[in-house]
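Colleague: here's my sequence, what's the structure:
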Amino acid sequence: MEAGTVRGTHTRKTGIFLCLIATLSSAIGQKGDGCGHTVLGPESGTFTSINYPQTYPNNTVCVWEIRVHPSQRIIFKFGDFDIENSTSCYLSYLRLYNGVGPGRREIGKYCGPGFQRERVIESEGNEVTVQFMSGIHISGRGFLVSYSTSNESDLITCLDRGSHFSEPEFSRYCPAGCLTPFGIVSGTIPLGYRDSSLLCMAGVHAGVVSHFLGGRINVVISKGIPYYENTVANNVSSKTGHLSRHLFTFKTNGCYGTLGMESGVIRDGQINASSVLQWHDPSGQFHSWGPERARLKKPGSAWAAFHTDEAQWLQIDLKKEKKITGIITTGSTLGEYAFYVSAYRILSREDGEDWKVYKQANSDLDKIFQGNANNYQEVRNNFIPPIMARYIQINPVQWHQKAALKVELLGCQPFQPSLARAPVQSRPPLLTTEISPKLDKTTFTPDVKNNSVTPNISKDVALAAVLVPVLVMVLTAVILVLVCGWHWRNRKKTVEAPYSLIYWNRAGWWKGMKQFLPAKNAEPDDTSVRYTSSEMNRLRARNGTTLIQAETAEYAQPLVAGVTGTLRQKFTFKPEEDSEAGYSDPDGNGHYDAPVPEIYHAYAEPLPASSPEYATPIIMEISTHPTGTLGSVAASTFKSSSSTGPSLASNINPSLPRTEGTPSGQIGYDTPKGKIIPVSTEEQVYQVPNSVSQIPATSDAE
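Modeller: Purely as a prediction, here's the structure:
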């Protein structure tokens, strides 16, 4: 009962005081019974017709007198205009004048649908009179007009929404007076506001501009989110919003961090109070709601004053001067104790100074901040301009049952400690018809969450921390793929070597090699050795058939253009299965390479299926040598191009590998044997290899 009596008495006093202020403001800034929502600031303001956006009544009149700094002019912008048309705007109209008083000069008289709402009207001086007259009419919702000084040419009105702008980032000037009773805002900071929200009212809710001063907003448009929370801040209650295509947020100076009540940076010894609520419950348990419990989000009870009067306070010592930009409050947060503060003042001071009450903008009146409407939800209020002080004191002026608080301060270290610590009082007085918050209101407040989080300025850093490792991994994967592909390609080339028995395609290889064979009708080389059938017959009769015997090989004996003879046995030499043996030694060290560079190697075509697979070495005589000179050795093949012929016997590799299926007593391929025939340098030839024959040679051969 005591708390209720104190609250009721204070409410009656506050109501009488506000009525006097409203009457004084009307007498100075506006006159008449047709005035609606009005805030006339020193640099900007907003005013409407009575009942806006509903139809204005018949036979009403209102006059506004607007003044700004003498060096400035005034620009007007219409957010809405709907005054019923009449001949020469005789019955209902809106009229603007340059100047105030009897010497004023008309700027224009407006009514009807022909008025272009987008037009901007500029005065000739720093004083303007605005007159609204309504006669008998049927319809018309009236008008909403905003104004500012001429140096703020990008002025917008209180009715502009985020969806009205297509730029991803932009800056505009909001007038004073945009906390209107008919505006809607969905969302909060730092998550953002639905694009259907009013820009300037959202700026007031976010604390970036003042309702009584206006100011500049810097807006960023981004992709919308599925759900927008409802919160209470700076006397603005945002509504719940659903999925939208876009949202907008505000760029700020970043000075909205918590100062240490919740985190414990502010110690218990730095928090004091005028009194402490203490009692023993029926079970004998002692309860004390001391100032150390006044920490936001701390479980348990809050600070509560023992006395129920306006002399109670909660004081916080920050140890040094800080820039304080806002405050968040809540009640007891205990269901069985519905204690909370619904309105309060803010006082501040420095060492050795007196306490200063935070004032309304451009006024000597104490600013009363709207507190909580229940004991568990959070409410934020911002200080525009900010407070520069070491000590902060919260003075409850209205409460429910008991004055109980949990608090967090918002702000940062001051960048310029010499800045003024209180609002400047040099501007013209604020003229307004705004009614202050209802201090006795204890109805339910929409769910409010902590909005004290500093705007997230580390998103780019977090994004970079994610993208850099991803890019590194992608680049690494690409490099690995390229290296593996290169390695596979080289391995494939190695596997498909010319003499690889596993992957060699004989038919395809033969077709590829045929293009290198000389044509049948090609002219023989004049320097090559020719053989005759008679010489070959004599050689056979005298020498017998000394032939090379070897295991069957996969490759045929080379054929050379200009050589004629008869195949006797179907044998040849099988090349080794490594890249350095056979008939393709690039260094010329192969045992059977043609010594003449211009003559190509060639192989006999495969024999029919009924015959052995390999050709028989050619046995022939050299027509240019006497028979006695040759002895028993049958010499054949090409003429050497060098002056000294290589020793065939010295180049034989005695350690040739044994092929699969070869008898254990024999090597895989027959080793050529024979004697070197001494010949002249010009006609030196290679010996035809003799096989290790089981047929005894003739006596002449010995």
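
Colleague: next, count neighbours for the closest residue to Phe369 other than its chain neighbours.
Modeller: Nearest in space to Phe369, with sequence neighbours left out and distances taken as Cβ to Cβ, 6 or more residues apart in numbering, is Asn381 at 4.7 Å. Placement of C-beta: from N, CA and C, glycine included. Residues near Asn381, counting by other Cβ atoms under 10 Å, number 21.

Colleague: which SSE is Asn381 in?
Modeller: strand 379-400 (DSSP states H and E).

Colleague: which strands and helices sit next to that strand?
Modeller: Strand 379-400 sits against helix 2-29, strand 232-233, strand 314-330, strand 340-349, strand 369-370, strand 404-412, with contacts defined as 3 or more Cβ pairs under 8 Å, 6 or more residues apart in numbering; DSSP states H and E.

Colleague: how about that strand as CSV, C-alpha atoms only?
Modeller: Provided in CSV are the C-alpha atoms of strand 379-400 (Å, rounded to 0.1, in the frame of the first residue of the first chain):
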residue,chain,number,x,y,z
VAL,A,379,14.7,-2.4,-21.6
ARG,A,380,17.4,-0.3,-23.3
ASN,A,381,17.8,3.5,-23.3
ASN,A,382,20.6,5.4,-25.1
PHE,A,383,22.1,8.7,-24.1
ILE,A,384,22.2,11.2,-27.0
PRO,A,385,24.5,13.0,-26.4
PRO,A,386,26.6,10.5,-24.4
ILE,A,387,27.6,11.1,-20.8
MET,A,388,31.3,11.7,-19.9
ALA,A,389,31.7,10.8,-16.2
ARG,A,390,33.2,8.4,-13.6
TYR,A,391,30.2,8.0,-11.4
ILE,A,392,26.7,7.1,-12.5
GLN,A,393,23.7,7.2,-10.3
ILE,A,394,20.3,5.7,-11.1
ASN,A,395,17.4,7.4,-9.2
PRO,A,396,14.1,5.6,-9.4
VAL,A,397,11.0,7.9,-9.7
GLN,A,398,8.4,5.2,-10.2
TRP,A,399,8.4,1.5,-9.3
HIS,A,400,6.1,-1.5,-8.6
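
Colleague: before we move on, back to that, my guess is the residue nearest to Phe369 meets Lys367, correct?
Modeller: No: the pair Asn381 / Lys367 is not scored as a contact, 9.3 Å apart, by Cβ atoms under 8 Å.

Colleague: remind me, longest helix of the protein?
Modeller: Assignment by DSSP state H gives helix 459-495 as the longest helix of the chain.

Colleague: buried stuff in it?
Modeller: Under the neighbour-count criterion of 16 or more other Cβ atoms under 10 Å, helix 459-495 has nothing buried.

Colleague: ditto for stretch 304-320
Modeller: Within stretch 304-320, judged by 16+ other Cβ under 10 Å, the buried ones are 304-305, 308, 310, 312-316, 318.

Colleague: so Ile394 sits right up against Val407, yeah?
Modeller: Yes: with contact defined as Cβ under 8 Å, Ile394 counts as touching Val407 (6.6 Å).

Colleague: spatially, which two of the buried residues of stretch 304-320 are the most separated?
Modeller: Thr308 and Leu318 (28.3 Å; Cβ to Cβ).

Colleague: which residues sit in contact with Leu334?
Modeller: The contact partners of Leu334, taken as Cβ atoms under 8 Å, 6 or more residues apart in numbering, are 300-301, 375.

Colleague: which element is Asn272 on?
Modeller: strand 271-273.

Colleague: burial count for Ser263?
Modeller: Residues lying near Ser263 (other Cβ under 10 Å) number 12.

Colleague: any low-confidence regions in this structure?
Modeller: By pLDDT under 70, the low-scoring segments of the chain are 1-28, 416-462, 492-702.

Colleague: returning to that earlier point: direction included, what does the strand holding Asn272 pair up with?
Modeller: Strand 271-273 pairs in its sheet with strand 314-330 (antiparallel), by DSSP bridges.

Colleague: identify the residues contacting stretch 182-193?
Modeller: Counting by Cβ under 8 Å, 6+ apart, 52-53, 158-159, 162, 194, 196-198, 201-202, 205-207, 222, 225, 228-231, 233, 236, 238-241, 247-250, 449, 451, 453-456 sit against stretch 182-193.

Colleague: any buried residues in it, and which?
Modeller: So, applying 16+ other Cβ under 10 Å, buried residues of stretch 182-193: 183-193.

Colleague: just give the nearest non-adjacent residue to Ile394, would you?
Modeller: Leu314 is the one closest to Ile394 (Cβ to Cβ, 6+ apart), at 4.7 Å.

Colleague: which residues does that neighbour contact?
Modeller: For Leu314, the residues meeting the contact criterion (Cβ under 8 Å, 6+ apart) are 271-274, 291, 294, 303, 393-394, 405, 407.

Colleague: tally of neighbours for Thr333?
Modeller: 22.

Colleague: check the gap between the closest residue to it other than its chain neighbours and Ala273 for me.
Modeller: Of all residues not flanking Thr333 in the chain, Tyr376 sits nearest, at 5.0 Å (Cβ to Cβ, 6+ apart). According to Cβ to Cβ, to the nearest Å, Tyr376 and Ala273 sit 21 Å apart.

Colleague: who has more neighbours out of those two?
Modeller: Ranked by neighbour count (other Cβ under 10 Å), Tyr376 and Ala273 place Ala273 first, with 23 against 17.

Colleague: and the nearest residue to the more buried one once chain neighbours are set aside, what is it in contact with?
Modeller: Counting by Cβ to Cβ, 6+ apart, Pro291 is the residue found nearest to Ala273 once chain neighbours are left out, at 4.0 Å. For Pro291, the contact set (Cβ under 8 Å, 6+ apart) comprises 268, 271-273, 276, 303, 314-315.
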